[in-house]
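> build the 3D model from these lines:
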Amino acid sequence: MPAEIRKKEGHMARKLTVVLAVGLWAALALAQGWAPHDPIYIFGDDAFTWENGVIGGSGTEDDPYIIEGWMIDTQNYDYGIYIDHTTAYFVIRNCVVRYPQERAGIFLSAVENGRIEGCSVYGGKVGIHILSASDVTVTGCAIGYCDRGIVVSTGSDGNLIYGNSIIACGLPASDEGLRNRWFYEGKGNYWSDYR
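Have a look, this model is predicted:
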């Protein structure tokens, strides 16, 4: 078989693999109940609205705002979910964020009382970034193929990060804050290249 024909067959096989992977991803998303959503940006407590992906809650400790079930493809955006300057209670649950460009899949800045659980972030610069935040919990998340997995930056205090899996990230985790805990009730975090 001439080399040119083998080369064309190789290109066709790669194209078929990509088409099958995209189809499998779409079927999985449908089966999981994820709905597509544009990137979410919330600045201040008043921005917890339906348009910004909030599906329920009133922002209290007993009834936090809920952002749940979204599949966010961030191509051409710097972030998937960006919450800034809030004190209301909120939960980001069971969301998928793909390919964050320059910032993070999920970025919390100057927030209190947040919770991220059961989310998946993969591809891009940073999986989850917490900056100048307090009383935030990150648990049960899967982060993969990012330059940096979970980043807790300066000014972050009293946050809890446990039970997460960080796979094939250049820097799995970093913490520049104070009194943040990475272990709770017998659970730490897993990263694929732990030494």
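> domain parsing for the protein?
1-32, 34-191 (automatic domain parsing).
> got JSON lines for those, with mean neighbour count too?
Yep, even glycine has a C-beta here, placed from its N, CA and C like the rest. Output for these, formatted as JSON lines (neighbours: other CB atoms under 10 Å):
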{"stretch": "domain 1-32", "mean neighbour count": "10"}
{"stretch": "domain 34-191", "mean neighbour count": "19"}
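> in JSON lines: those, plus mean pLDDT.
Formatted as JSON lines, the domains of the chain follow (pLDDT from 0 to 100):
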{"stretch": "domain 1-32", "mean pLDDT": "51"}
{"stretch": "domain 34-191", "mean pLDDT": "95"}
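> for Gly118, what are its contacts?
Arg93, Asn94, Gly140, Cys141 (CB atoms under 8 Å, 6 or more residues apart in numbering).
> let's see which of the residues you listed end up in strands.
Judged by DSSP state E, the contacts of Gly118 include Arg93 as members of strands.
> and which of the contacts of Gly118 is nearest to Ser165?
Cys141 (7.5 Å; CB to CB).
> OK, contacts around the closest one?
Ile116, Glu117, Gly118, Cys119, Ser120, Val121, Gly127, Ile128, Asn164, Ser165.
> distance check, it against Asp46.
From Cys141 across to Asp46, the span is 27 Å (CB to CB, to the nearest Å).
> list phi and psi for the most centrally placed residue in the chain.
Nearest to the geometric centre of the chain sits Val121, at 3.9 Å (CA atoms, centre = their mean). According to degrees, to the nearest 10, the main-chain angles of Val121 amount to phi -130, psi 130.
> so what's it bridging to?
Val97, Ile143 (DSSP bridges).
> wait, it touches His129, no?
No. Using CB atoms under 8 Å as the test, Val121 is too far from His129 to be in contact (10.2 Å).
> identify the contacts common to these two.
Ala104, Ile106.
> just say helix, strand or coil for Asp46.
helix (DSSP: H, G, I helix; E, B strand; the rest coil).
> separation between it and Asn52?
Asp46 is 10 Å from Asn52, by CB to CB.
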